[in-house]
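Student: just need the structure, nothing else, for what follows:
(one chain, ligands or ions: 3)
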Amino acid sequence: MKAVTWQGPRKMSVEDVPDPRLEEPSDAIIEVTSTAICGSDLHLYEVLGPFMRPGDIVGHESMGRVVDAGPESNLHPGDRVVVPFQIACGNCYFCQQGLQTQCETTQVTAQGSGAMLFGYSEIYGSVPGGQAEYLRVPHADYGPIKVGDELPDHRYLFLSDVLPTAWQAVAYALRSPGDSVAVLGLGPIGQFCARIAQHLGMTVYAIDPVPERREMAARHGAVVYDSTEDSVGQIKEATQGRGPDAVIDAVGMEAHGDAQSRLAKFAQRSVQFLPDKLGKPVMEKAGMDRLAALYTGIELVRRGGTLSLSGVYGGQASPLPMLTLFDKQIQVTMGQANVRRWVEEILPLVEDSDDPLGLEDFVTHRLPLSEAPSAYEMFQKKEDGCIKVVLDPTA
Ligand SMILES: NC(=O)c1ccc[n+]([C@@H]2O[C@H](COP(=O)([O-])OP(=O)(O)OC[C@H]3O[C@@H](n4cnc5c(N)ncnc54)[C@H](O)[C@@H]3O)[C@@H](O)[C@H]2O)c1
Ligand SMILES: [Zn+2]
Ligand SMILES: [Zn+2]
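Tutor: Numbering: from 1, shown residues only. Ligands and ions are numbered 1, 2, ... in the order given. Just a heads-up that it's a prediction; the model follows:
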């Protein structure tokens, strides 16, 4: 079959690889009909490169039809399913608590990590991903979400990651109806954080440097700001000088710029005091600029407010302004989304004929799998108005 593989930093290529097969009685094989490129895939592109092996199949946002199903899988050939990005058992201590990304059955203990993820480096188990014609789904007795035949793929596909991720970020941020929230970053995740927060009655301010991403968020009711201007000052002004009740960071560790902020300056200074062994990799791998969004969030959120991180962070020695975090009494929440925990709440909204989350205004590019390498580049460079790419392995 054809699959998108990682071959080196910034180098994805479509290769012929062996078809996946059932390996366990609870496995299923699906023929992939849609598979999206995620901001998290861009971290593999470069920052997480050291944890990838040439030939690794990437992709973790996939849906399709079951073509082969193990006897303990709960699925049958022909079923239409969306596959959550994490692999979880559904029975263990953590799954029972709705913490599926900590699943004790699939935890990657050798790396000290949580549950296995599809196509996401050796940190998460080197599981072959879903940007391919076929995908082997382990623990298919629990993970896959069965959906009907009426609606097109783009209405369901984002249950695999984007929607539960945004839902969890908002759920962690929201404490009282009517709260205000600032969303940092208007990529796919930030777009839905803004829409879901709005849907749940919050006032939404949103920041991104890219004009067409701001325009999309504005179409769905957010008050938008350009991160290259004094957006922090403007949002504080709009919130009685206090800052919003919550800030969602939907940027993560590859933020652009803003090294001018007071906290970023603090971080630069503090790195000079780290022992060389630690300081150097911090500067090279997680560089100060990479924490720009996190610092903005800490600066912007009101005293006693919540900072909800859905953007992925990977540094082990990232300098944090503990004085400010402590003094401002900020509550910080974070983590990979627990997909199955939120699906029951989200499904009625994606199936609603009024399309309250605006799924008809989201995907900017649908391309054949063969165009994956240029699609990655376009998404990373934000060319051609690209906000979300869906690859079609059947095209
Ligand atoms: N927690 C989870 O389960 C989970 C799931 C999926 C994605 N993610 C993470 O969420 C983040 C966003 O993903 P995405 O798919 O939306 O990717 P993306 O890269 O398209 O979005 C990031 C956005 O942030 C903007 N940005 C960059 N620097 C900024 C700054 N300083 N201030 C404001 N905006 C800035 C960019 O212009 C871009 O629009 C990534 O870190 C991704 O890994 C987390
Ligand atoms: Zn994703
Ligand atoms: Zn489990």
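Student: immediately after the helix or strand G297 falls within, which helix or strand?
Tutor: Using DSSP states H and E, G297 sits within helix 292-300. Next along the chain after helix 292-300, taking DSSP H and E as the criterion, comes strand 306-309.
Student: now do that next one, average pLDDT.
Tutor: Mean pLDDT, strand 306-309: 98.
Student: ok, now stretch 239-258?
Tutor: Mean predicted lDDT for stretch 239-258 stands at 91.
Student: same question for stretch 356-370.
Tutor: The average pLDDT within stretch 356-370 is 98.
Student: re earlier: check the offset of the helix holding G297 from the chain's centre.
Tutor: With CA atoms, centre = their mean, to the nearest Å as the basis, helix 292-300 stands 19 Å off its chain's centre.
Student: whether it contacts ligand 1 - can you check?
Tutor: Yes - interface with ligand 1: helix 292-300 contributes A292, A293, T296 (CB under 6 Å from any ligand atom). (Glycine included, C-beta is placed from N, CA and C.)
Student: average model confidence for that helix?
Tutor: Confidence for helix 292-300, expressed as mean pLDDT, is 94.
Student: packing partners for that helix?
Tutor: In terms of contacts (3 or more CB pairs under 8 Å, 6 or more residues apart in numbering; DSSP states H and E), helix 292-300 is packed against strand 180-184, helix 231-238, strand 246-249, helix 262-272, strand 306-309, helix 322-327.
Student: ok, then the element right after the first one?
Tutor: This means strand 180-184. Downstream of strand 180-184, the first helix or strand assigned by DSSP H and E is helix 188-199.
Student: and the next helix or strand after that next one, anywhere near ligand 1?
Tutor: Per DSSP H and E, the first helix or strand lying C-terminal to helix 188-199 is strand 203-207. Yes - counting by CB under 6 Å from any ligand atom, ligand 1 has neighbours in strand 203-207: I207.
Student: ditto for stretch 92-106
Tutor: No - judged by CB under 6 Å from any ligand atom, stretch 92-106 makes no contact with ligand 1; its nearest approach is 7.3 Å.
Student: tell me which parts of the chain are close to ligand 3?
Tutor: Within the chain, the residues that sit near ligand 3 (CB under 5 Å from the ion) are A88, C89, C92, C95, C103, T105.
Student: looking at this protein, which helix or strand is least sure?
Tutor: Lowest by mean pLDDT, DSSP states H and E among the helices and strands of the chain is helix 276-285, with a mean of 47.
Student: so the residue in the stretch 251-395 of the chain positioned nearest to ligand 1 is in which element?
Tutor: Per CB to the nearest ligand atom, G252 is where the stretch 251-395 of the chain lies closest to ligand 1, at 2.3 Å. Here G252 sits in a region with no helix or strand, counting by DSSP H and E.
Student: highest neighbour count among the residues of the chain next to ligand 3?
Tutor: The residue in the residues of the chain next to ligand 3 with the most neighbours, by other CB atoms under 10 Å, is A88 (28 neighbours).
Student: that one against L99, yeah?
Tutor: No - with contact defined as CB atoms under 8 Å, A88 does not count as touching L99 (9.1 Å).
Student: correct me, but V170 touches R195?
Tutor: No - counting by CB under 8 Å, R195 is not a contact partner of V170; they are 9.4 Å apart.
Student: check contacts around V66.
Tutor: Contact analysis of V66 by CB atoms under 8 Å, 6 or more residues apart in numbering lists A28, I29, I30, E31, L75, H76, P77, G78, D79, R80, V81, P144.
Student: that older thread, dump the helices and strands packed on helix 292-300 to TSV, plus distance to ligand 1 and mean neighbour count.
Tutor: Shown next, in TSV, are these (distance: least, CB to the nearest ligand atom, whole Å; neighbours: other CB atoms under 10 Å):
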stretch	distance to ligand 1	mean neighbour count
strand 180-184	5	30
helix 231-238	8	16
strand 246-249	8	30
helix 262-272	10	16
strand 306-309	8	23
helix 322-327	18	11
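Student: tell me which of those lies nearest to H256.
Tutor: Using CB to CB as the measure, strand 180-184 is the one of those that comes nearest H256, at 11.3 Å.
Student: which outside residues touch that closest one?
Tutor: Applying CB under 8 Å, 6+ apart, the contact partners of strand 180-184 are 170, 173-174, 190, 193-194, 197, 202-208, 217, 222, 227, 235, 239, 243-251, 293, 296-297, 300-301, 311.
Student: state the mean pLDDT of that strand.
Tutor: 98.
Student: run the chain-centre distance for it.
Tutor: With CA atoms, centre = their mean, you get 17 Å for strand 180-184.
Student: that strand pairs with which strands, parallel or anti?
Tutor: Strand 180-184 has the following strand partners under DSSP bridges: strand 203-207 (parallel), strand 246-249 (parallel).
Student: all helices for the stretch 1-150 of the chain, in order.
Tutor: For the stretch 1-150 of the chain, the helices defined by DSSP state H, counting those that start in this stretch cover 39-45, 93-96.
Student: need those in TSV (columns: mean pLDDT and distance to L22).
Tutor: TSV is the format used below for the helices of the stretch 1-150 of the chain (pLDDT from 0 to 100; distance: least, CB to CB, whole Å):
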stretch	mean pLDDT	distance to L22
helix 39-45	93	26
helix 93-96	98	22
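Student: deepest of those, which one?
Tutor: Each of the helices of the stretch 1-150 of the chain was scored by mean neighbour count; the highest is helix 39-45, a mean of 22, by mean count of other CB atoms under 10 Å.
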